[in-house]
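[1] what's the 3D shape of this:
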Amino acid sequence: MQGLSAAPPAAFLLLRLSALLLPAAAAPGAERELSPSSRLAAGAARLALQHLNFQTASPGALLALGQVRKVTLKNIPDSGHKYYLQFTTEDYRTGENAGSCLATVLYPRTKSPPVVHIKCTRTKDQKQTQEEDNRLYQKIRHQTKPITGDNIPDSYGNIEPALEPVWALAVAGSSYIMWEKSTENLGYFMAQVKSVKQWIRKDDFIEFDYTVLLHEIPTQDIIPCHMRLTWLPGRPLKVKYFCASENEGLEDGSGMESGSAAEVSHERGANF
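    Coordinates of the predicted model:
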């Protein structure tokens, strides 16, 4: 016990912090229940919704995490930790009950993005969502000049009505990068659109350049990213991104295989 008693206080704190943040070692194939209120459970559930929000490519169908009901962790040999989740959802814009989801999230031992499978029941009718997307699209298309903006939301959490569609698209597009960058112990929220500029196109697509911020959890680091987003209702989002913290070139993506860039807002961020 001499070596242990001689350890400095900082070492004890580090060991205790690691025990809190990292799942306990488990035998290959073993399963164990996690507390639904744990950071790891909430992080995996949010990640699953970020994956879904990008895949759906629908600003009118954006979901935020409600409450985690149940979570089981399984150690998959040669693969990684797999989370089995049951949770409720909220409408990203209003905070109203939006349904519930079942999901699995596998964090690979490699540097690959997490593998997500998710299925949700929604309270909002699909036709209603499509109508919302079309209204948002028409609102953008009928602007008399290209849309530009800064600091969305502002320091008081407010968003100008004319910029609400731009914010919604930023949430949808940035969801990809948050999924792609997340690990078992690092997650992201979308915080703010620092700047946005619309590009005028001759086809039916709408296109924006964003500068956005990622809020990394639990480090609290703020990561700026550039994102170019192209969208047409009913089509996959097309996103290219570059983050200042990365030494990589501009990445490109569309649908389930897209790249992106992003921002961060706690849960649903500012209301529309």
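
[2] now the helices for this structure?
    2-5, 9-21, 39-56, 126-141, 164-181 (DSSP state H).

[3] How about L102: what's its closest non-neighbour residue?
    K119 (5.4 Å; C-beta to C-beta, 6 or more residues apart in numbering). Using the backbone N, CA and C atoms, a C-beta is placed for each residue, glycine as well.

[4] Revised request: answer the last question for L49.
    Nearest non-adjacent residue to L49, counting by C-beta to C-beta, 6+ apart: L63, 5.2 Å away.

[5] Looks like that neighbour contacts E90 (just checking).
    Yes: in this structure L63 lies within contact range of E90 using C-beta atoms under 8 Å: 7.1 Å.

[6] what touches both of those two?
    A98 (C-beta atoms under 8 Å, 6 or more residues apart in numbering).

[7] neighbour count winner among those two?
    Taking neighbours as other C-beta atoms under 10 Å, L63 and E90 compare with L63 leading, 25 against 20.

[8] who touches that one in this structure?
    Here L63 is in contact with 49, 52-53, 89-92, 98-99, 101, 120 (criterion: C-beta under 8 Å, 6+ apart).

[9] Recalculate using a threshold of 7 Å.
    Counting by C-beta atoms under 7 Å, 6 or more residues apart in numbering, L63 touches 49, 52-53, 89, 92, 98.

[10] P113 now?
    Contact analysis of P113 by C-beta under 7 Å, 6+ apart lists 179-180.

[11] Now the phi/psi pair for it, please.
    In terms of degrees, to the nearest 10, the main-chain angles of P113 are phi -60, psi 160.

[12] please begin residue numbering at 57 from this point
    From this message on, residue numbering opens at 57, which makes the last subject P169.

[13] quick one: it from A226, how far?
    20 Å (C-beta to C-beta, to the nearest Å).

[14] And N207, by the same measure?
    N207 is 13 Å from A226, where distance means C-beta to C-beta.

[15] Looking at these two now, which is surrounded by more residues?
    The neighbour comparison of N207 against A226 (other C-beta under 10 Å) goes to A226, with 27 against 11.

[16] does the more buried one really touch D265, like I thought?
    No: the criterion here is C-beta atoms under 7 Å, and A226 misses it with D265 at 11.1 Å.

[17] any idea how this structure splits into domains?
    For the chain, automatic domain parsing gives the domain ranges 58-178, 183-313.

[18] most neighbours per residue, which of the helices of the chain?
    helix 220-237 (a mean of 26; mean count of other C-beta atoms under 10 Å).

[19] I would like the residues contacting that one, please.
    Here helix 220-237 makes contact (C-beta under 7 Å, 6+ apart) with 103, 106-107, 109-110, 113, 115, 118, 148, 169-170, 192, 195-196, 203, 205, 208, 215, 244, 246, 249, 252, 264, 266, 268, 281, 283, 285, 287, 293, 295, 297, 309, 314, 316-319, 325, 328.

[20] Recalculate using a threshold of 6 Å.
    For helix 220-237, contacts defined as C-beta atoms under 6 Å, 6 or more residues apart in numbering pick out 106-107, 109-110, 115, 118, 169, 192, 195-196, 203, 208, 215, 244, 246, 249, 252, 266, 268, 283, 285, 293, 295, 297, 314, 316-319, 328.

[21] on that earlier part again, could you tell me the least trusted of the domains of the chain?
    Lowest mean pLDDT of the domains of the chain: domain 58-178, a mean of 83.

[22] Quick one: distance of that domain to the chain centre.
    13 Å (C-alpha atoms, centre = their mean, to the nearest Å).

[23] and if you look at stretch 220-227?
    14 Å.

[24] Pretty sure H173 sits against T160.
    Yes: using C-beta atoms under 6 Å, H173 is in contact with T160, at 4.9 Å.

[25] Show the contacting residues for C157.
    143, 145, 174, 176.

[26] rerun that using 10 Å as the cut-off
    101, 104-105, 108, 119, 121-122, 125, 141-145, 174-178 (C-beta atoms under 10 Å, 6 or more residues apart in numbering).

[27] Where strands are concerned, which of the residues you listed count?
    Of the contacts of C157, the ones assigned to strands by DSSP state E are 119, 121-122, 125, 141-145, 174-178.

[28] Redo the residues you listed as TSV? Include distance to I233.
    What follows is the ones in strands among the contacts of C157, written out as TSV (distance: C-beta to C-beta, whole Å):
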residue	distance to I233
L119	17
L121	18
G122	23
R125	28
L141	21
Q142	26
F143	22
T144	25
T145	21
I174	18
K175	23
C176	21
T177	27
R178	24
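
[29] Good, we can wrap up now.
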